[in-house]
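Colleague: Give me the fold of what follows.
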Amino acid sequence: MSWNDERVELLKKMWGEGQSASQIAKELGGVTRNAVIGKVHRLGLSNRTAAPAAEAEAPEAAAPAPEPKVEAARPAPQPEPEVARDEAEEETPAPSISAARRAIIPAGQPLPPQPSANEISPEALASVREVEKTSKKISLMELTERTCKWPVGDPATENFWFCGLAVQQGKPYCEAHVGVAFQPMSSRRDRRR
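Modeller: Predicted coordinates for the structure are as follows:
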C-alpha cells in the first residue's frame, strides 16, 4: 500500500470529520490504525478542528469523556544568551564537594581515616593495640569457633589478618575486641543526647 494523493485527501477529510484512526484504516483498507496515526502526525494533522459526528448526535445526559488533546510539536527552546547564563550561575552556586569525596582511591588502596560515629575510648584502643601485637595473625581459612574473628588491615593487601586469640564466651571476638565492638547500652544512649 502506498500513500497516493487520493488516499491522503481521504485521510485528511475523515480526520477533519473526527473519525478515529481505526475507522479511517478500515475505510482506506490495506493500512493499520498505527499507519494512519503515523501519517496523521507526518502531515501535521494532530489538531482536530471539528468534533466527531457521533459526539454531536449523542444526548447531553450521557456525555462521553473528552478525548485527551494531542499538542502539536513545539519548536526546541532556544539557548539563553551567555550573559543570562552567567548571571544564573552566580545566583545559584554549585554545591561544594569535599576534597575527600573528590579524591578517587584506586582499588586495593587503604581508605583515609574517616570520622566515626562511635568514638572508641583511648583505653580501649590502647588495649586493642597491645592485643594485636600478641595476636596469632591467622588467615580466613584458619578461623574456627574458638578464634577471634577481628579483622586487621586492608583485605586487598597481603598484610591482612585476623586476631586469632581465644574468644570470649558467646562472642565472636577476644576480650579486647569485644570491648570495642560491643559497647554498653547506657553509653550509646548518652552519646545520642
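Colleague: Mark out where each domain of the protein begins and ends.
Modeller: Each domain of the chain is listed here as a residue range: 5-55, 122-192, per automatic domain parsing.
Colleague: Let me have these in JSON lines, extended by mean pLDDT and mean neighbour count.
Modeller: From N, CA and C alone the C-beta is placed, and that goes for glycine too. Below are the domains of the chain laid out as JSON lines (pLDDT from 0 to 100; neighbours: other CB atoms under 10 Å):
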{"stretch": "domain 5-55", "mean pLDDT": "83", "mean neighbour count": "14"}
{"stretch": "domain 122-192", "mean pLDDT": "83", "mean neighbour count": "14"}
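Colleague: what sits against the closest residue to residue 140 other than its chain neighbours?
Modeller: With CB to CB, 6 or more residues apart in numbering as the criterion, residue 140 has its nearest non-adjacent residue at 6.9 Å, and that residue is residue 162. Taking CB atoms under 8 Å, 6 or more residues apart in numbering as the contact definition, residue 162 lies against 137, 138, 139, 140, 142, 143, 147, 148, 149, 150, 151, 152.
Colleague: so who does the closest residue to the first one other than its chain neighbours touch?
Modeller: This points to residue 137. Using CB to CB, 6+ apart and skipping the chain neighbours, the partner closest in space to residue 137 is residue 161 (4.3 Å). By CB under 8 Å, 6+ apart, the contact set of residue 161 is 135, 137, 138, 139, 151, 152, 153.
Colleague: Nearest to residue 127 among those?
Modeller: Within the contacts of residue 161, the smallest distance to residue 127 is 12.2 Å, found for residue 135 (CB to CB).
Colleague: any idea how far the nearest residue to the closest one once chain neighbours are set aside is from residue 136?
Modeller: In this structure, residue 135 finds its nearest non-sequential neighbour in residue 163, 4.4 Å apart by CB to CB, 6+ apart. From residue 163 over to residue 136 the distance is 7 Å, taken as CB to CB, to the nearest Å.
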